[in-house]
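> Structure here, sequence nowhere to be found:
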């Protein structure tokens, strides 16, 4: 019996050591990364179907220390990869935006998009358009194979202003431009808030239509003093500019969904040009997301 007991122990002890060793090895070899899947939802506009035809996206991932972990291009429907175990913040913008450029990406709090400047005109911006962005924080990725899944609902951070201009008694007009100051040059990509960069100006061409003229501006926003004036060019090559008018208070009083502001631009000879400024609807607020 004693011999049999010793024999059994010799079998059990190696088996126990083997099982223990396998367990310890399994835990130590547990992956230090995990799968991350991010879905992008883009704004849709029934009158502008191209909004739902985003061709690609730019994505930034920041780790729990706020350090940029990844930046790059990805498909318009989302991003998928294995990343180190950590808690992340993700920021996205469509890559086919118009007349703008992203910058300061090293920090989540400074990552922004800025309007391009008009060539040869310092302090004057070009129209921006089709800029959809948003961000989500608190994305927890665990080591292993459980997928961390998140959806970012982006918003359109462009505002649209339409000017209807009645030339009234003016004759022999060959062209017209509208200029407005107080144009916001950049917004943060995470939440669409204005940056602290100084405001700029924008000049757009007005086009004749049915005895009237119209002009359109698309901007990130307007802030501070919004001074508007028109420059009229006549067929003989001469031009004149209306007296600048501050419409800041009128714009500030508009509801979130937009509205109209009626103003009268005055010429130096006392002539008056009625103008209606229509601020189109835009999505306000930050892009949000859901974490699964």
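It's in. As the structure is a prediction and not an experimental result, all values here were calculated from the model.
> For stretch 90-97, give me every contacting residue.
38, 40, 42, 54-62, 73, 76, 79, 102, 108, 111, 113, 128-137, 139, 150, 152, 154, 189-190, 289 (CB atoms under 8 Å, 6 or more residues apart in numbering). Backbone N, C-alpha and C define where each C-beta goes, glycine included.
> What ranges does the protein have for its helices?
Along the chain, counting by DSSP state H, helices occupy 2-28, 248-252.
> any idea which of those helices scores lowest on pLDDT?
Note on these: helix 2-28 shows the lowest mean pLDDT, a mean of 45.
> Would you list the buried entries among the contacts of stretch 90-97?
The neighbour count (16 or more other CB atoms under 10 Å) marks 38, 40, 42, 54, 57-62, 76, 79, 102, 108, 111, 113, 128-137, 139, 150, 152, 154, 189-190, 289 as buried among the contacts of stretch 90-97.
> Which pLDDT value goes with residue 239?
95.
> residues near it, how many?
Neighbours of residue 239 under the rule other CB atoms under 10 Å: 13.
> same question, residue 249
Other residues close to residue 249 by other CB under 10 Å number 9.
> Quick check: residue 190 touching residue 154?
No: using CB atoms under 8 Å as the test, residue 190 is too far from residue 154 to be in contact (11.1 Å).
> How about residue 140: what's its closest non-neighbour residue?
residue 87 (5.1 Å; CB to CB, 6 or more residues apart in numbering).
> Hmm, that neighbour is touching residue 136, no?
No: contact criterion CB under 8 Å: residue 87 and residue 136 do not qualify, at 11.4 Å.
> Give me the pLDDT value at the spatially closest residue to residue 236 that is not a sequence neighbour.
The shortest distance from residue 236 to any residue other than its chain neighbours is 7.2 Å, reached at residue 172 (CB to CB, 6+ apart). Residue 172 is assigned 92 on the pLDDT scale.
> how close does the closest residue to residue 126 other than its chain neighbours sit to residue 88?
Ranked by CB to CB, 6+ apart and with sequence neighbours excluded, the top spatial neighbour of residue 126 is residue 99, at 4.2 Å. Residue 99 sits 30 Å away from residue 88, going by CB to CB, to the nearest Å.
> Ok, residue 190 next?
13 Å.
> do residue 182 as well
Separation of residue 182 from residue 88 (CB to CB) stands at 36 Å.
> Equivalent analysis for residue 109, please.
15 Å.
> repeat for residue 176
Distance from residue 176 to residue 88, counting by CB to CB: 50 Å.
> Over to residue 124?
Distance of residue 124 to residue 88, given as CB to CB: 38 Å.
> quick one: which of these two has more around it?
Higher neighbour count among residue 124 and residue 88: residue 88, with 23 against 16, using other CB under 10 Å.
> Show me the beta-bridge partners of that one.
residue 139 (DSSP bridges).
> try residue 177
Here residue 177, judged by DSSP bridges, has bridge partners residue 205, residue 231.
> burial measure for it, as a count.
Using other CB under 10 Å, residue 177 has 16 other residues around it.
> My read is that it contacts residue 206, right?
Yes: at 6.3 Å, residue 177 and residue 206 qualify as touching, with contact defined as CB under 8 Å.
> intersection of neighbour lists for the two?
Residues touching both residue 177 and residue 206 (CB under 8 Å, 6+ apart) are 215, 230.
> for the stretch 1-150 of the chain, what spans make up the strands?
33-41, 57-62, 68-74, 78-84, 86-94, 100-103, 112-115, 132-141, 148-153 (DSSP state E, counting those that start in this stretch).
> of all those, which lies closest to residue 232?
Smallest distance to residue 232 across these (CB to CB): 26.1 Å, for strand 112-115.
> Pairing partners for the closest one, with directions?
Sheet pairing of strand 112-115 (DSSP bridges) gives strand 100-103 (antiparallel), strand 186-188 (antiparallel).
> Perfect, that will be all.
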